[in-house]
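Asks: Below are the sequence and a predicted model for it; my questions follow.
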Amino acid sequence: MALRDHYYQSKNEPLLVPNAGNETPLPFLTIGRLHDQKILASVGDQSEVTITTFVKLLEASRYKLAPGKRLRLAWGEGSVCCQLDERGEILYSLVTASLDYPERLAFQLLNELQDSVRQRLSPEEVTNMTSLPHESVIISKMQDLLANYRDPRRADKLADLYTKTRLVKGATEQSIRNVLKNSEPISSLEIASQEMDMNGRQFQNNAQNLKKHFWWKNVSFMAGMGLAGVLFLVLGIWFFFYGNTANP
């Protein structure tokens, strides 16, 4: 169903349609907030009709588009690609001048833009901000995206590179999450290992003390036995030499 039939057709109001001879394959890119139908940032065609149309798109998307979903709608000879974030709060929209523009690349562009917003703005900032300043990093990112994706052949290579980058980044973030998740068991193992080491040292010290105790006890016993032997020897000699003289 065409966009004009699906959302906006009005008997009293004109509808912006991309020009058939438009030299810009991607004439408009915008970020909007649903709950107050506020356009936070836009690059490209800034005509009043375009802005008014996308404000209406924001209003309609509150009821027509589920969080995390995306939709491509025919619009004259072109199309509008819409992508709603996971919170159901921010709508990312891209106008293509031709229906021949690859859908995969259009939504790849919107994915890049969404990632950029997520990295630079907190959910609270997105909820409370009135608009993005023209010199902001995100506006510059939007302009770069339109320039990079205007040629589908060049954009295809960039999209592949971006996909690979996201995969590597995702794997790295998952590894970090796994490390953080296992940090407590690892700490517990380290503490247990330290306790086992301390117990082993204590056992070794106790064994050495016990060894010294029995060594001294053995030395005392041997010394006592030696002293007793010497005493008996002296008494034997005394009785041998002097015991007989006492009884002639």
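Replies: Good, I have the coordinates.
Asks: Need phi/psi at residue 26.
Replies: Residue 26 adopts backbone torsions of phi -130, psi 90, taken as degrees, to the nearest 10.
Asks: what sits against it?
Replies: 44, 94, 95, 96, 97, 101, 109, 146, 149, 150 (C-beta atoms under 8 Å, 6 or more residues apart in numbering). Just so you know, the C-beta spots here come from the backbone N, C-alpha and C atoms, and that holds for glycine as well.
Asks: Quick check: the first one touching residue 27?
Replies: If I follow you right, that is residue 44. Yes - counting by C-beta atoms under 8 Å, residue 44 touches residue 27, with 5.1 Å between them.
Asks: Which of the contacts of residue 26 fall within helices?
Replies: Members of those lying in helices (criterion: DSSP state H): 109, 146, 149.
Asks: Quick check: of the residues you listed, which lies closest to residue 58?
Replies: residue 109 (19.0 Å; C-beta to C-beta).
Asks: Without its sequence neighbours, what residue ends up closest to the closest one?
Replies: residue 149 (4.8 Å; C-beta to C-beta, 6 or more residues apart in numbering).
Asks: Need the per-residue pLDDT for the one you found.
Replies: Note for residue 149: predicted pLDDT of 93.
Asks: hey, where'd the strands end up in the protein?
Replies: 28-33, 38-44, 70-75, 78-84, 90-96 (DSSP state E).
Asks: As JSON lines, those strands with mean neighbour count, distance to residue 127 and mean pLDDT would be great.
Replies: Putting the strands of the chain into JSON lines (neighbours: other C-beta atoms under 10 Å; distance: least, C-beta to C-beta, whole Å; pLDDT from 0 to 100) gives the following:
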{"stretch": "strand 28-33", "mean neighbour count": "24", "distance to residue 127": "8", "mean pLDDT": "96"}
{"stretch": "strand 38-44", "mean neighbour count": "18", "distance to residue 127": "11", "mean pLDDT": "93"}
{"stretch": "strand 70-75", "mean neighbour count": "18", "distance to residue 127": "22", "mean pLDDT": "93"}
{"stretch": "strand 78-84", "mean neighbour count": "24", "distance to residue 127": "15", "mean pLDDT": "95"}
{"stretch": "strand 90-96", "mean neighbour count": "25", "distance to residue 127": "9", "mean pLDDT": "96"}
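Asks: With distance to residue 118 added, can I get these in JSON lines?
Replies: JSON lines is the format used below for the strands of the chain (distance: least, C-beta to C-beta, whole Å):
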{"stretch": "strand 28-33", "distance to residue 118": "12"}
{"stretch": "strand 38-44", "distance to residue 118": "14"}
{"stretch": "strand 70-75", "distance to residue 118": "16"}
{"stretch": "strand 78-84", "distance to residue 118": "13"}
{"stretch": "strand 90-96", "distance to residue 118": "9"}
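Asks: just so I know, which of these lies nearest residue 126?
Replies: strand 90-96 (6.1 Å).
Asks: how about that closest one as CSV, C-alpha atoms only?
Replies: Taking Å, rounded to 0.1, in the frame of the first residue of the first chain, the C-alpha atoms of strand 90-96 are listed here in CSV:
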residue,chain,number,x,y,z
ILE,A,90,12.5,7.2,18.6
LEU,A,91,11.6,6.8,14.9
TYR,A,92,14.4,6.9,12.3
SER,A,93,13.2,7.7,8.8
LEU,A,94,14.9,7.8,5.4
VAL,A,95,13.4,8.9,2.1
THR,A,96,14.6,7.2,-1.1
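Asks: what's the spacing between that strand and its chain's center?
Replies: 26 Å (C-alpha atoms, centre = their mean, to the nearest Å).
Asks: quick one, it and strand 70-75 angle?
Replies: 40 degrees (axes from the mean of the first three to the mean of the last three C-alpha atoms, to 10 degrees).
Asks: And strand 90-96, what does it pack against?
Replies: strand 28-33, helix 48-64, strand 78-84, helix 103-120 (3 or more C-beta pairs under 8 Å, 6 or more residues apart in numbering; DSSP states H and E).
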